[in-house]
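A.B. asks: have a look at this prediction, sequence included:
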Amino acid sequence: MAADSALLSNVPLFERLDEEERSLLAGQLEEVVFQAGEIIFKRGDPGGAVFIVASGQVQIYVEDTTGSRIVFETAKVGDFFGELSLLDGDPRSASAQAIEPTRTLHV
């Protein structure tokens, strides 16, 4: 399902694009829905994709050696995550989990 270009105007990474450019980009995005508690990706997974939060919230975290969770960020509407592995080509450096029903746009 194609993304709504209006949401992209609220994402800092894309706010300088004009409406035509946002529409073209929106046509390339895929909507992915996650249930509360669902893991989006785990640390060490292959990267190569960025996610934009269209609704809901996503916790970005790592687990220490005792299994305790260290939260780096809670991504909300308009935030994006997963870009680091796209840029450096390395596996995911953190895990991501939907903490409520969440709709994302997948690049």
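C.D. replies: Perfect, I can see it now.

A.B. asks: now do the same for E21: helix, strand or coil?
C.D. replies: Following DSSP: H, G, I helix; E, B strand; the rest coil, the label given to E21 is helix.

A.B. asks: could I get the phi/psi values of the residue nearest to the spatial centre of the chain?
C.D. replies: Centre of the chain computed as the mean C-alpha position; nearest residue by Cα atoms, centre = their mean is F51, 2.5 Å away. Per-residue torsions, F51: phi -120, psi 140 (degrees, to the nearest 10).

A.B. asks: would you confirm that it contacts L84?
C.D. replies: No. The pair F51 and L84 does not pass the contact test of Cβ atoms under 8 Å, sitting 12.0 Å apart. Where C-beta positions appear, they are placed from N, C-alpha and C, glycine not excepted.

A.B. asks: which positions in the lowest-mean-pLDDT helix or strand in the chain come out as buried?
C.D. replies: In the chain, no helix or strand scores lower on mean pLDDT, DSSP states H and E than helix 5-8, which sits at a mean of 75. Residues 5, 7-8 are the ones in helix 5-8 that count as buried (16 or more other Cβ atoms under 10 Å).

A.B. asks: which strand or helix spans the residue of the chain most remote from its centre?
C.D. replies: Here the centre of the chain is the reference, and by Cα atoms, centre = their mean the most remote residue is T66, at 26.6 Å. Per DSSP states H and E, T66 falls between elements, in no helix or strand.

A.B. asks: how about it, what does it touch?
C.D. replies: By Cβ atoms under 8 Å, 6 or more residues apart in numbering, the contact set of T66 is empty.

A.B. asks: again with V32
C.D. replies: Counted by Cβ under 8 Å, 6+ apart, V32 has contacts 51, 103-106.
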